[in-house]
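> Can you look at this prediction? I've put the sequence above it.
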Amino acid sequence: MTHTLEPMKLTLHHINLSTDKVEEMDDFYRDVLGLAREQEGLPTLEKSKGYSGDVAFVSDGAVQTHLAQRDVLAANKTGSWLNPLSRGHIAYRTDDLAAFKAHLDAQGIPYADWGHTAVAGWAQIFFYDPDGNVIEVHQVMEG
């Protein structure tokens, strides 16, 4: 397995925690950990296309935490085989999703291509690490 991803770039963008207690989690992460309510660069959720849960957004100023209402049927509603909203996921942003998908193909790693199903303006894929943790890689699409 090769360990370089040149020329595409990945940066940690957010951690998604799936919860049945969005408001309580929002209070906890803001009051106990001192994270700020995120106001900038928030995704526009496509609630009519599959995932329609509530989400609170907090940040340390560099990395967002998405506190998302758990939805065990999100994959089913979107026609996907992988559900990033049952246990949560970590998300990286790339500047070249096509190249990253080609990299995964070369590595033999299957991924679920959610396209623009969940977030307007983002192309998203999801896949599993060797321990079953869900990883998202997305690219902000122009226009």
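Ah, there it is. Numbers count the residues shown, from 1 in each chain.
> Now do the strands in the protein.
10-19, 36-37, 44-45, 55-59, 64-69, 89-94, 112-115, 119-120, 122-128, 134-140 (DSSP state E).
> The nearest residue to residue 116 once chain neighbours are set aside: what's it in contact with?
Spatial nearest neighbour of residue 116, excluding adjacent residues (CB to CB, 6 or more residues apart in numbering): residue 123 at 6.3 Å. All C-beta atoms are positioned from the backbone trio N, CA, C, and that covers glycine. Applying CB atoms under 8 Å, 6 or more residues apart in numbering to residue 123 gives the contacts 97, 115, 116, 138, 139, 141.
> So what touches the worst-scoring helix or strand of the chain on mean pLDDT?
In the chain, the helix or strand scored least confidently by mean pLDDT, DSSP states H and E is strand 44-45, which has a mean of 76. By CB under 8 Å, 6+ apart, the residues outside strand 44-45 that reach it are 51, 52, 55, 118, 119, 120, 121.
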